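In: Quick one, structure for this:
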Amino acid sequence: MLPSIVRRNSLLAYFQVPRLKFLFSSSTVADTAYAGGGPFPVPLSMVEYLVNSWGLSTAEASKASKSLTHLKSTEKPDAVLKFLRSQGFNGSHLKKIAPVRTTVLCCDVDKNLAPKFRSLRNAGFSEAELVEIVASNPMIINLAVPAIFSKLQVWERLFGSRDLLIKRLKRPNSFFGYSIEKRVNPNLEFLRDGCGISEERLSLVVRKNPRFIIRKLDSLHALVSRSDELGMDRKSKMFLWTLYCLHGLKKEGFDAKCKLMMRLGWSQSDLSTAVRKAPNIFCISKVELQKKMDFLVNEGGYTPSCVAKQPMLLFFNLEKRVIPRFRLIEALKSKGLWPAKRKLLSILTLPDKKLMEKFVLPFKEKAPELLDIL
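Out: Presented below is the predicted three-dimensional model:
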């Protein structure tokens, strides 16, 4: 016969439900039901517990439960849940933590979580900041306090201020968990001593994408080699931005874009010229490059080499900006109203209002059709 009070820690010893492998029950609900003389409720599985208490979807809970098979009760997860809620975490925050960092549910609140949060609060982080930071970077909970502060010190220096770092940490990311000693410091040393890039300049890139500085060192060496192949001078201010643009491109993608440029009429020298002026040319999709080069060469009258010398031509929207403004120039030329020294690029850079004021409204009587072109 069951005892009048069933302790949470001994549920598995008393209940066996074939369809559920791991059984849990809320002691409060169970004890109340039993005290009232009614039957004990069917114990909850870990999946149901994660759905009901942590707000996970069934799929998320099913996956997360596989990492929690060692738990004999919900005592620790309940304590963690209670603590996190006391710190200001709401349902949406909890749903970000539990599925990706199930070890958090097994933490000791008194020995781990409470001292950690207290140390971070004492370091100047507000409750609201900690909630957003931890929800976006759950691995912080599993780091030792000295490791957290060591990382904060380095990343704050790289971002240039704590405010900028906090702003970035509030966004979903995975850079903070990487080793400073194994990833960040070796990369900083290589870029500083081997490439002549100051940490101050590196900060500009880190703020845009901190993952740049956590690449594997051999991968970073490969980026520098590709930049060298393109003829980029390491002393140039564009060298760092070339590395940054190549950072988001796999070797296969890099090779494919280089081959496309050659196929579109560029020589190796043309490619080097374009990259030195606008390394972010590698950020343009192959489809867009093809369309824009085809238009500029076949209709715009440019040679591939001319485009390479003015690579900014490739960064404007073809349908919404390049073609309409090219048609405007053609219409003005046909009326003898176009200043010969004006180039397409100078027109592409003009804001719409300026374009209307300089090249449309002054000629609305002589060429009223201009209003229909734009």
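In: if I look at the residue nearest the centre of the chain, how far off is W338?
Out: With the centre of the chain defined as its mean C-alpha position, the nearest residue by CA atoms, centre = their mean is N173, 5.7 Å away. Remark: distance between N173 and W338 (CB to CB, to the nearest Å) = 50 Å. For glycine as for every other residue, the C-beta is placed from the backbone atoms N, C-alpha and C.
In: what separates K76 from D228, distance-wise?
Out: With distances defined as CB to CB, the gap from K76 to D228 amounts to 54 Å.
In: and if you look at C306?
Out: Distance, C306 to D228, using CB to CB: 26 Å.
In: When K76 and D228 are compared, which one has more neighbours?
Out: Taking other CB atoms under 10 Å, K76 and D228 do not tie; K76 has more neighbours (17 against 13).
In: The more buried one: what's its closest spatial neighbour, skipping adjacent residues?
Out: Counting by CB to CB, 6 or more residues apart in numbering, the nearest residue to K76 once its immediate chain neighbours are dropped is C106, at 5.4 Å.
In: Report the contact partners of that neighbour.
Out: With CB atoms under 8 Å, 6 or more residues apart in numbering as the criterion, the residues that contact C106 are 68, 71, 76-77, 80.
In: Just these: which are in strands?
Out: By the criterion of DSSP state E, membership of these in strands covers no residue at all.
In: quick one: which of the residues you listed is nearest D255?
Out: For the contacts of C106, the closest approach to D255 (CB to CB) belongs to L68, at 45.0 Å.
In: need the contact list for that closest one.
Out: When contacts are counted by CB under 8 Å, 6+ apart, L68 is found next to 22, 46, 77, 102, 105-106.
In: Restricted to buried residues, select these in ChimeraX.
Out: The command below creates a ChimeraX selection of those among the contacts of L68 that count as buried (16 or more other CB atoms under 10 Å):
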select :22,46,77,102,105
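In: can you dump the C-alpha coordinates of the helix or strand hosting S219 into PDB?
Out: For S219, the element it lies in under DSSP states H and E is helix 217-229. These are the backbone C-alpha positions of helix 217-229, laid out as PDB (Å, rounded to 0.1, in the frame of the first residue of the first chain):
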ATOM      1  CA  LEU A 217      44.000  29.800 -37.000                       C
ATOM      2  CA  ASP A 218      44.800  27.800 -40.100                       C
ATOM      3  CA  SER A 219      41.500  29.100 -41.600                       C
ATOM      4  CA  LEU A 220      42.600  32.600 -40.900                       C
ATOM      5  CA  HIS A 221      45.900  31.900 -42.600                       C
ATOM      6  CA  ALA A 222      43.900  30.700 -45.600                       C
ATOM      7  CA  LEU A 223      42.000  33.900 -45.800                       C
ATOM      8  CA  VAL A 224      45.200  35.900 -45.800                       C
ATOM      9  CA  SER A 225      46.600  33.700 -48.600                       C
ATOM     10  CA  ARG A 226      43.500  34.300 -50.700                       C
ATOM     11  CA  SER A 227      43.900  38.100 -50.200                       C
ATOM     12  CA  ASP A 228      47.500  37.800 -51.200                       C
ATOM     13  CA  GLU A 229      46.500  36.000 -54.400                       C
END
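In: What lies in contact with it?
Out: Contacts with helix 217-229, where a contact means CB under 8 Å, 6+ apart, come from 183, 186-187, 190-191, 194-195, 215, 234, 239, 242-243, 246-247, 251, 254.
In: which residues in the stretch 151-300 of the chain form helices?
Out: 162-169, 185-189, 199-208, 217-229, 238-247, 251-263, 268-277, 286-298 (DSSP state H, counting those that start in this stretch).
In: Out of these, which one sits most buried?
Out: helix 238-247 (a mean of 21; mean count of other CB atoms under 10 Å).
In: Contacts for that one next, please.
Out: In this structure, residues lying in contact with helix 238-247 by CB under 8 Å, 6+ apart are 195, 197, 201-202, 204-205, 208-209, 211-212, 215, 220, 223-224, 226-227, 230, 232-233, 254, 275-277, 279-283.
In: what is the orientation angle of it with helix 251-263?
Out: Angle, helix 238-247 to helix 251-263, by axes from the mean of the first three to the mean of the last three CA atoms, to 10 degrees: 110 degrees.
In: Could you report the distance from K335 to K354?
Out: Taken as CB to CB, the spacing of K335 relative to K354 amounts to 20 Å.
In: next one: K250
Out: From K250 across to K354, the span is 40 Å (CB to CB).
In: neighbours of V80, just the number please.
Out: Burial measure for V80: 24 neighbouring residues, criterion other CB under 10 Å.
In: which residues does it contact?
Out: Contacts for V80 were tallied using CB under 8 Å, 6+ apart; they are 104-107, 109, 113.
In: again with L94
Out: L94 sits next to 54-55, 81, 84 when contact means CB under 8 Å, 6+ apart.
In: so of the residues you listed, which ones are in helices?
Out: Among the contacts of L94, the members falling in helices are 54, 81, 84 (criterion: DSSP state H).
In: now that we have these, which one has the most neighbours?
Out: Across the ones in helices among the contacts of L94, neighbour numbers were computed from other CB under 10 Å; L84 holds the maximum, 25 neighbours.
In: First-to-last residue distance for stretch 89-105?
Out: From the first residue to the last, stretch 89-105 extends over 14 Å; the measure is CA to CA, to the nearest Å.
In: any idea how far that stretch is from the chain center?
Out: The offset between the C-alpha centroid of stretch 89-105 and the centroid of the whole chain comes to 20 Å, using CA atoms, centre = their mean, to the nearest Å.
In: Noted, bye for now.
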